[in-house]
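>>> turn this into a model:
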Amino acid sequence: MAIVGGATFVDTQRGHRWRAFDRQLLLYVLLLVVFGMVMGFSADYTVESTPGALSQTVKTLVWAAIGLTLFFVAASIDYHWLQVIAVPIYLVVLGLLALTMLVGTNLFGAQMSITVAGLDFQFSEVSKVLMIVVLASFLAARGERIGKLSTIVGAGLLMAIPALLVFRQPDLGTALVFVAILVGMLFIAGASIGWLAILAGTVVAIAPLAIGALQDYQRQRLFCFLDPLSDPQGACYQLIQALNAVGSGGWFGQGLTAGRQNQLGYLPVQSTDFIFTVVAEELGFVGGLILLSLFALLVWRILAIGWGARDRLGMMVAGGLASLLIFQVMVNIGMVTGIMPVTGVPLPFVTYGGSSMISLLFGMGILQSVRMHAWKPTF
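Just a heads-up that it's a prediction; the model follows:
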């Protein structure tokens, strides 16, 4: 093996790759994680904890540490290996989702998590990132056939099985995230707009059947955004309190740990799906704008890395992660401000939850690997 200045050629190559480490990507991710920790602390400020139990903030710190470890591990590994093990990853996804349906713990009316050693794992959150890898591998392998109907149908079938398993939990929000990832990745891959329009029309056509399969309380909550006052003490209570909180924040908010709706306990699940209500109430319009700006910067960086990727696989991974973030941010903020149905979609990096945090950081690590392996050193 050739020696360059006392180091092997392999060591030199690795050194050059780490010089291409995208600091902006890590910075935006860390800022969002810290933002989420601060808002989670405020949301949990007046909640009495069980003696001996870890606080929500401490748990989030642990999850962030685990996630960042996976971030650097994923960044250090050539992302092309994921294409080699795409089929086993897909089988693992199906197995985890099927296991959740069989032995999962009921959470907010859905069988969404599995409890291990006192910790809840939502494998549907992990499956989002893993399915981006699987779909990216499939689309990258199609080459020049990317725009053909067979590619769209094949990608649709790949995504349909896990989406259906998640929907049967029932978890409509996460199932919709799978659809958004599929459409976004196909669009970035260059699939025909006409075929994508037909795919979108098909989704709209089967929407009434999907809604009909939901429980009564889920349907009522889904349509509350059309008329929140139709059931103010029942299905629409959560949305009404969220709207009150958002409206009371004004320009600069009421201050951390000082939000009336939040601190008096009027906001159910304020640290999870409705965390943006805490942001709006306590930090106001300006705080919400800062958060949206951080997401915009992160999405821009993801897309920039995708555009600079050395191959279609890297571009597809970036496209999938960008689609996931854009859809979840739009739907989460839309539902707490009353312009979209309440579907239980978390706000990335900000919503309290270990499965989402760890899987997203792992996904960002894969993206970092795409960036590092796109850089071509000169000698």
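>>> just the pLDDT for Thr50.
At Thr50, the pLDDT value in this model is 50.
>>> er, Gln111 actually
For Gln111, the predicted pLDDT is 55.
>>> do the same with Gly118
Turning to Gly118, the model gives it a pLDDT of 60.
>>> same check, this time on Phe274
Value listed for Phe274 in the pLDDT field: 86.
>>> give me the contacts around stretch 21-31.
Residues from elsewhere that reach stretch 21-31, judged by C-beta atoms under 8 Å, 6 or more residues apart in numbering: 71, 75, 294, 297-298, 301-302, 305, 349, 361, 364, 367-368, 371-372. For glycine as for every other residue, the C-beta is placed from the backbone atoms N, C-alpha and C.
>>> chain center to that stretch: distance?
Distance of stretch 21-31 from its chain centroid, counting by C-alpha atoms, centre = their mean, to the nearest Å, is 17 Å.
>>> can you give me the buried ones in that stretch?
22, 25-26, 28-29, 31 (16 or more other C-beta atoms under 10 Å).
>>> show me what counts as buried in the one helix or strand Trp300 maps to.
If you go by DSSP states H and E, Trp300 is part of helix 275-307. Buried residues in helix 275-307, defined by neighbour count with 16+ other C-beta under 10 Å: 275-284, 287-288, 291, 294-295, 297-299, 301-303, 305-306.
>>> spatially, which two of the contacts of stretch 21-31 are the most separated?
Farthest apart among the contacts of stretch 21-31 by C-beta to C-beta are Leu294 and Met372. That separation is 22.9 Å.
>>> about what we covered before: what is the helix holding Trp300 packed up against?
For helix 275-307, the helices and strands in contact under the criterion 3 or more C-beta pairs under 8 Å, 6 or more residues apart in numbering; DSSP states H and E are helix 23-43, helix 237-248, helix 260-263, helix 312-336, helix 354-374.
>>> relative to Asp231, which of those is closest?
helix 237-248 (7.7 Å).
>>> can I get the closest one in CSV, CA atoms only?
The C-alpha trace of helix 237-248 is given here as CSV (Å, rounded to 0.1, in the frame of the first residue of the first chain):
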residue,chain,number,x,y,z
TYR,A,237,-61.0,20.8,22.8
GLN,A,238,-57.4,20.2,21.9
LEU,A,239,-57.5,22.4,18.8
ILE,A,240,-59.4,25.2,20.5
GLN,A,241,-56.9,25.4,23.3
ALA,A,242,-54.1,25.4,20.8
LEU,A,243,-55.6,28.3,18.8
ASN,A,244,-56.1,30.2,22.1
ALA,A,245,-52.4,29.7,22.9
VAL,A,246,-51.1,30.6,19.4
GLY,A,247,-53.3,33.7,19.4
SER,A,248,-52.2,34.9,22.8
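>>> lovely, talk soon.
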